[in-house]
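# sharing a model that was predicted from the sequence below.
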Amino acid sequence: MSVYEIKTIKERVEGNSYVGRGIVCGKSENGKKGVVAYFIMGRSANSRNRVFTMKDGILFTEPFDASKVEDPSLIIYAAMRKYENNLIATNGDQTDTIYEFLKEGKSFEAALDTRCFEPDEPNFTPRISSMITFSDNDFSYKMSILKSIDEIGSDCARYTFSYPSKAGLGHFIHTYVCDGNPIPTFRGEPERVFIPDDIDEFTNALWNSLDNDNKISLYVCYTDLETKSEEYRIINKNN
């Protein structure tokens, strides 16, 4: 099997009960769209009590039933927001950290140097982040994972991956390998996935491949590289 093999999102996800939270970035097959997707899964009642909402161009995770929220600190945040020609998507409040650093003329990497994995021992859930930077009817993108360097959470290892955009190619990073106790965290490079031209084809393939018991919400956005117009889909299991 070639290390350059590109699999469909269904092949990457289906049959895995718990990949956690995940981000996909890439370019549509026809080369005309920049694509980002973000999904969340959950095992606890607190994690499952969430929906995605879009407010003033910012994607938020919010409680579905506010009366049942136990601890909002790691589950309620801005998951996607824009600064100038940059589209940021993350699995936590580091979205805002990246946004504030960009406003100060600093970098994606500098922002994440100030952050660490989540303090949810014994899992030490990684923080995963992405940023698409649009320029001249094209784009490049970065993906990051911050994860514990050992099983006791003694320090943070930081990995950043930078990609040019290539038609039909996306990269997929997620918090966990699979379910477990503690849950094994993602390892290696972001996985190569195929990005189709049709937003509904991709959205449905991803949503339908996620474990039905544990999936919560999905956001997919296709940006036209020429006009910069956006088309997006949001699916919430809690309607």
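Done, it's in.
# so which residues of the protein form strands?
22-27, 33-41, 50-55, 58-63, 78-83, 86-90, 127-135, 138-148, 156-164, 169-174, 191-194, 215-224, 230-236 (DSSP state E).
# so what's the residue lying closest to Leu87 once chain neighbours are set aside bridging to?
Distances taken as CB to CB, 6 or more residues apart in numbering put Ile132 closest to Leu87, at 4.4 Å, once the chain neighbours are dropped. No exception for glycine: its C-beta is placed from N, CA and C like everyone else's. Judged by DSSP bridges, the bridge partners of Ile132 are Leu87, Tyr141.
# pLDDT at Ile132, what is it?
pLDDT recorded at Ile132 is 98.
# for the nearest residue to Leu112 once chain neighbours are set aside, which residues are in contact?
Leaving aside its sequence neighbours, Leu112 sits nearest to Ser144 (CB to CB, 6+ apart; 5.3 Å). Taking CB atoms under 8 Å, 6 or more residues apart in numbering as the contact definition, Ser144 lies against 108-109, 112, 127-130, 158-161.
# what of Ile6?
Ile6 makes contact with 168-169, 192-194, according to CB under 8 Å, 6+ apart.
# now render those residues as TSV, adding pLDDT, neighbour count and distance to Pro122.
Output for the contacts of Ile6, formatted as TSV (pLDDT from 0 to 100; neighbours: other CB atoms under 10 Å; distance: CB to CB, whole Å):
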residue	pLDDT	neighbour count	distance to Pro122
Gly168	98	16	39
Leu169	98	19	35
Arg192	98	18	31
Val193	98	24	30
Phe194	98	18	35
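# among the residues you listed, find me the one that's closest to Val13.
Nearest to Val13 among those, counting by CB to CB, is Val193 at 9.3 Å.
# identify each buried residue in the least confident helix or strand in the chain by mean pLDDT, please.
Ranked by mean pLDDT, DSSP states H and E, the weakest helix or strand in the chain is helix 45-48, scoring a mean of 84. Applying a neighbour-count criterion of 16 or more other CB atoms under 10 Å, the buried positions in helix 45-48 are 46-48.
# for stretch 222-239, same thing?
Going by 16+ other CB under 10 Å, stretch 222-239 has these buried residues: 222-223, 225, 232-233, 235-237.
# do stretch 32-46 as well
For stretch 32-46, the neighbour count (16+ other CB under 10 Å) marks 32-42, 46 as buried.
# tell me how far the ends of it are from each other?
39 Å (CA to CA, to the nearest Å).
# what's the burial count for Thr160?
With neighbours defined by other CB atoms under 10 Å, the count for Thr160 comes to 15.
# tell me how far the ends of stretch 144-158 are from each other?
Length of stretch 144-158, first residue to last, CA to CA: 7 Å.
# per-residue pLDDT of the residue of the chain most remote from its centre, please?
Distance to the chain centre peaks in the chain at Ser67, reaching 27.0 Å (criterion: CA atoms, centre = their mean). Among the per-residue scores, Ser67 shows a pLDDT of 82.
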